[in-house]
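no sequence on this one, just coordinates:
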């Protein structure tokens with residue numbers, strides 16, 4: 001396990017451009033990098049993917065759009081590999097709800 005690390009992945013976000021919770025992203029400390037973040041719709045289609053980035057940066061999060069089109073309010077599934085400071089990799093999986 002990662003020593004001295006904390007990872008927070010929200011279970012909902014609201015991409016309505018009000019400046020609060022507009023981007024689904026991984027927040028962490030004690031983490032070297034995020035190896036990947038993948039988000040799937042309920043049919044298992046990949047709707048978002050980013051690889052090899054730092055946590056806590058909204059530029060690497062999902063804004064709720066696919067090919068420029070805002071996705072509907074529903075539950076999406078994510079999986080992420082997080083590389084800790086001691087080079088161990090932890091996999092996180094869960095659901096995130098896009099709310100409008």
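Yes, it's here. Note that the structure is predicted; figures quoted are calculated from it, not measured.

what residue lies at the spatial centre of this structure?
Nearest residue to the geometric centre of the chain (C-alpha atoms, centre = their mean): residue 25, 4.0 Å.

Could you give the backbone dihedrals for it?
Main-chain dihedrals, residue 25, degrees, to the nearest 10: phi -150, psi 170.

all strands for this protein, in order.
Listed in chain order, the strands of the chain (DSSP state E) span residues 6-8, 12-13, 27-29, 31-40, 46-53, 65-66, 69-70, 74-84, 89-98.

ok and the fourth one relative to strand 46-53, angle-wise?
With axes from the mean of the first three to the mean of the last three C-alpha atoms, to 10 degrees as the basis, strand 31-40 and strand 46-53 are set at 170 degrees to each other.

Grab the nearest non-local neighbour of the residue nearest to the centre of the chain.
With C-beta to C-beta, 6 or more residues apart in numbering as the criterion, residue 25 has its nearest non-adjacent residue at 3.0 Å, and that residue is residue 61. All C-beta atoms are positioned from the backbone trio N, CA, C, and that covers glycine.
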